[in-house]
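>>> only geometry, no sequence info:
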């Protein structure tokens, strides 16, 4: 079933706002089995809104609209839709109650423009907005559906997930589609593809495999289409098991998991405490670890040693080591792990030292050279990276690869 | 002059790729005085590409197209444009040379599909691609212009900046437009607007002020339209001076400046060394500081003290202080600044302790409560924050506000 998206707002055309709504809607629709054939961004312009809507209704069953529902005069969507659908006006009591409630909770007084947000075209059904004051609107005309939502992403997403998608699933007989994401890190798309040549041949026609590469990570997506939930779910479970065997240590999680979340889970399971010593990443490894709620259960902290004096004074790296091998060396990161474990009384240490660039490279150690060490004081492992990116990408790549190496170490080396 | 953008690619409709190209093109066009009236995203579909192009050429002088130029079979843009413009084919010698050069430098062997990329429709002018193998194409028909570029953002941007925009400026008499960005932090849009009520009244009709709010920051943009570069430039300089007076300490830079860049500049100018002690931000303050090249000139490092033992052992925070006032308190962050200055032998310290959420809040110290301290050991200042966001927003907000407070302190308190 074909659908399309209109995003309305001058700020999108002028590039002040990147339109992330249509990407999110596109992804969710394709997960549901709806086929997005076109996304159109236009300004707050009545004639243009009507013309675009008319054109899209010729080829689509559903048109999703975001934006232009604010209380100010430059927001024209509601007025334009009322005119397009030749509609009168009504006050939606539920929406009015929601708005009053919102202002009461914020102890703020309501303006007339806020009260007016409960007025909607009388041939629309209101869609409740739990995070803002502008309601969504669901129109139907000659069997086609037009749904208007606010442009604020979290307001739009809440409406879609709690109200609009469930209604669409009820109204239309959509194909049953199941997805499963298998999340890998530390290995390239082409290497994975090579490992999966035989696996892909075993896939039945109704199940597809997609590769979604990112920095230091590749997401795999298995998508099954059919009619019988139970048998499809069983098939995906079996295929996931097969992938587990083939990709094993590269897999850090499934579906909504994150790398930092799986590190947290492992450390909690094994009752271990972690401390980090960072040079070139300057705090970003630790910052990523604590971005997950609950990280204080295992993460003790760290030392950012951005120069050699700090490495010596606070991490007990020997002057000899720094002189002989340099700050970016296997020897130095091993001593950093030992030092940080001792200072923080941690079970496991992680240390990073490298040349993020753009300056500081030499012929022997060019920009992008990074040494990582991790482990218990009596079992420290190391890895050397040669990254190709600019400063920001090198720091990000080092951060993700460090977390992934740490994850692999703890899951395989610690009983 | 009206222009529009078509972005081509199934991955955009399915939401696997967020279309950032059209936002960038929109911004650049509006800076040049071109009026983007529509952005359309469609799949790799010949009929749809032709139909969309035909419709847009009715209302626009220039249509920019990105995507669909790869060497694989699912990329249809070049073939489709050749058919749309009823064109034959030619080999562009310059493009072929560029591609050969690229492969020689990478010591890789060229495939036939790479050689074929130098074949373009014979009524198009090639646009050189310095970062990839797919050339851009410039078509003209009945006085209208259609420009096709690759979808890879840095390839597209390079073509636009080095070749396409200069040609457009030469071909059309565009209005002269000058912009100046004034960058503020730590103060809300509405407070700035109130301070600028009288300023806005003094603006001549050909100069406009725009507010572009972000997290903890507000960008102001002055835009002048006219014919005489020198007088417009002078006017913008004078207005910027007036804004400097009105907003003074809230301004951290202009145009492309960053908050972390202005901290770097200040510390280098004043020959100061910095160390940080982070609790709830877990390394993100330091990570932001080192994201700028050259930060090793002033940044010594830091201690991430994610629990109380670390605060005591490594930062010399007194047990008494922690017991009496708690880890999230003015007293604790002051001791953290003193401790980190001593450990790192730094001139200036910055310390942060707070409750990022979602758990850990109490009635007296709800989630979002943060204490910041900064300064020399004998002149430490503090600030309490009450942030409204979720964990990620609270950490980001704390990070940006800390850097801004540090910047204000160093620029005003240190001679």
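Now that the structure is in, tell me what you want to look at. Note that the coordinates shown come from a computational prediction; the quantities given were computed from them, not determined experimentally. Residues are numbered from 1 along each chain as shown, chains lettered A, B, ... in the order given.
>>> So which residue is smack in the middle of chain A?
When CA atoms, centre = their mean is applied to chain A, the residue found nearest the centroid is residue A:256 (8.5 Å).
>>> my read is it is in a strand, agree?
No. Residue A:256: not assigned to a strand; according to DSSP: H, G, I helix; E, B strand; the rest coil it is coil.
>>> Relative to residue A:262, how far out is it?
Distance of residue A:256 to residue A:262, given as CB to CB, to the nearest Å: 11 Å. C-beta coordinates here come from the backbone N, C-alpha and C atoms, glycine included.
>>> what do you get for residue A:190?
Taken as CB to CB, the span from residue A:190 to residue A:262 is 24 Å.
>>> more neighbours, these two?
Between residue A:190 and residue A:262, counted using other CB atoms under 10 Å in any protein chain shown, residue A:262 has the larger neighbour count: 22 against 11.
>>> which element is the more buried one on?
Assigned by DSSP states H and E, residue A:262 belongs to helix A:259-269.
>>> Residues contacting the next helix or strand after that helix, please?
Scanning forward in sequence from helix A:259-269 by DSSP H and E, the next helix or strand is strand A:274-278. Strand A:274-278 is contacted from outside by A:263, A:267, A:284-286, A:289, A:298-305, A:315, A:336-337, A:339-341, A:343-344, A:346-352, A:406, B:283, B:304, using CB atoms under 8 Å, 6 or more residues apart in numbering or on different chains.
>>> Give the buried residues for strand A:274-278.
By neighbour count on 16 or more other CB atoms under 10 Å in any protein chain shown, the buried set for strand A:274-278 is A:274, A:275, A:276, A:277, A:278.
>>> What mean pLDDT does the very next helix or strand once past it get?
Using DSSP H and E, the helix or strand that follows strand A:274-278 towards the C-terminus is helix A:284-289. The average of the pLDDT scores along helix A:284-289 is 97.
>>> So helix A:284-289, near chain B or not?
Yes. Helix A:284-289 lies within reach of chain B by CB under 8 Å from any CB of the partner chain, at A:284, A:285, A:286, A:287, A:289.
>>> Now do the same contact list for the third one.
With contacts defined as CB under 8 Å, 6+ apart, the neighbours of residue A:286 are A:276, A:278, A:299, A:301, A:302, A:304, B:282, B:283, B:287, B:304.
>>> Off-centre distance for the host helix or strand of residue A:218?
Assigned by DSSP H and E, residue A:218 falls within strand A:217-226. With CA atoms, centre = their mean, to the nearest Å as the basis, strand A:217-226 stands 16 Å off its chain's centre.
>>> how big is the angle separating that strand from helix A:259-269?
90 degrees (axes from the mean of the first three to the mean of the last three CA atoms, to 10 degrees).
>>> Mind giving me the packing neighbours of the helix or strand just after strand A:217-226?
Following strand A:217-226 in sequence order, the next helix or strand is helix A:229-247 (DSSP H and E). Using 3 or more CB pairs under 8 Å, 6 or more residues apart in numbering or on different chains; DSSP states H and E, the elements in contact with helix A:229-247 are strand A:176-185, helix A:189-195, helix A:197-202, strand A:207-214, strand A:217-226, strand A:251-254.
>>> Please, where are all the strands along the stretch 251-400 of chain A?
A:251-254, A:274-278, A:299-305, A:348-354, A:369-376, A:379-386 (DSSP state E, counting those that start in this stretch).
>>> Make CSV out of those strands and add distance to residue B:106 and mean pLDDT.
Compiled in CSV, those are given as follows (distance: least, CB to CB, whole Å; pLDDT from 0 to 100):
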stretch, distance to residue B:106, mean pLDDT
strand A:251-254, 31, 97
strand A:274-278, 33, 98
strand A:299-305, 36, 97
strand A:348-354, 24, 98
strand A:369-376, 20, 97
strand A:379-386, 16, 96
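>>> List the buried residues for stretch A:386-395?
A:387, A:389, A:391, A:393, A:394, A:395.
>>> now the helices and strands packed on helix A:229-247 in JSON lines, with distance to chain B?
Listed next are those as JSON lines, based on distance: least, CB to the nearest CB, whole Å:
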{"stretch": "strand A:176-185", "distance to chain B": "12"}
{"stretch": "helix A:189-195", "distance to chain B": "13"}
{"stretch": "helix A:197-202", "distance to chain B": "18"}
{"stretch": "strand A:207-214", "distance to chain B": "6"}
{"stretch": "strand A:217-226", "distance to chain B": "9"}
{"stretch": "strand A:251-254", "distance to chain B": "18"}
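>>> residue contacts, residue A:36?
So residue A:36 contacts A:2, A:3, A:4, A:5, A:25, A:26, A:29, A:30, B:13, B:14 (CB under 8 Å, 6+ apart).
>>> want to try a markdown table for the helices and strands packed on helix A:229-247, with distance to residue A:146 as columns?
Below are the helices and strands packed on helix A:229-247 laid out as a markdown table (distance: least, CB to CB, whole Å):
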| stretch | distance to residue A:146 |
| --- | --- |
| strand A:176-185 | 24 |
| helix A:189-195 | 39 |
| helix A:197-202 | 40 |
| strand A:207-214 | 30 |
| strand A:217-226 | 27 |
| strand A:251-254 | 36 |
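>>> Of these, which is nearest residue B:131?
Among the helices and strands packed on helix A:229-247, strand A:207-214 comes nearest to residue B:131, with 18.7 Å by CB to CB.
>>> one step back: could you list which of the buried residues of stretch A:386-395 also contact chain B?
A:391, A:395.
>>> of the buried residues of stretch A:386-395, closest to residue B:118?
residue A:389 (28.4 Å).
>>> The nearest residue to that closest one once chain neighbours are set aside - how many residues pack around it?
Ranked by CB to CB, 6 or more residues apart in numbering or on different chains and with sequence neighbours excluded, the top spatial neighbour of residue A:389 is residue A:397, at 6.2 Å. Counted with other CB under 10 Å, residues neighbouring residue A:397 total 20.
>>> Equivalent analysis for residue A:188, please.
12.
>>> re the thing from before, does the residue nearest to residue A:389 really touch residue A:215, like I thought?
Yes. Judged on CB atoms under 8 Å, residue A:397 makes contact with residue A:215 at a distance of 6.0 Å.
>>> Touching both of those two, which residues are there?
Common neighbours of residue A:397 and residue A:215 (CB under 8 Å, 6+ apart) do not exist.
>>> what's the angle between the longest helix anywhere in chain A and strand A:274-278?
Assignment by DSSP state H gives helix A:391-413 as the longest helix of chain A. What separates the directions of helix A:391-413 and strand A:274-278 is an angle of 150 degrees, with the same axes, to 10 degrees.
>>> Verify the contact between residue A:268 and residue A:295 for me.
No. The pair residue A:268 / residue A:295 is not scored as a contact, 9.8 Å apart, by CB under 8 Å.
>>> Compare the two (neighbour count), which wins?
More crowded of residue A:268 and residue A:295, by other CB under 10 Å: residue A:295, with 22 against 13.
>>> wait, the more buried one sits on residue B:279?
No. Between residue A:295 and residue B:279 there is no contact under CB under 8 Å: 12.0 Å.
>>> Give me the common contacts of those two.
With CB under 8 Å, 6+ apart as the test, residue A:295 and residue B:279 both reach residue B:306.
>>> hang on, the earlier thing: in the strand holding residue A:218, what counts as buried?
A:217, A:218, A:219, A:220, A:221, A:222, A:223, A:224.
>>> So which of the residues you listed is the closest to residue B:179?
Out of those, the member with the shortest distance to residue B:179 (by CB to CB) is residue A:217, at 37.2 Å.
>>> related to what we said a few turns ago, save the buried residues of strand A:217-226 as a markdown table, and put in pLDDT too.
Below are these laid out as a markdown table (pLDDT from 0 to 100):
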| residue | pLDDT |
| --- | --- |
| A:217 | 92 |
| A:218 | 90 |
| A:219 | 90 |
| A:220 | 93 |
| A:221 | 89 |
| A:222 | 93 |
| A:223 | 89 |
| A:224 | 92 |
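>>> Can you lay out the residues you listed as a markdown table showing distance to residue B:102?
Below are these laid out as a markdown table (distance: CB to CB, whole Å):
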| residue | distance to residue B:102 |
| --- | --- |
| A:217 | 27 |
| A:218 | 25 |
| A:219 | 29 |
| A:220 | 31 |
| A:221 | 32 |
| A:222 | 36 |
| A:223 | 36 |
| A:224 | 41 |
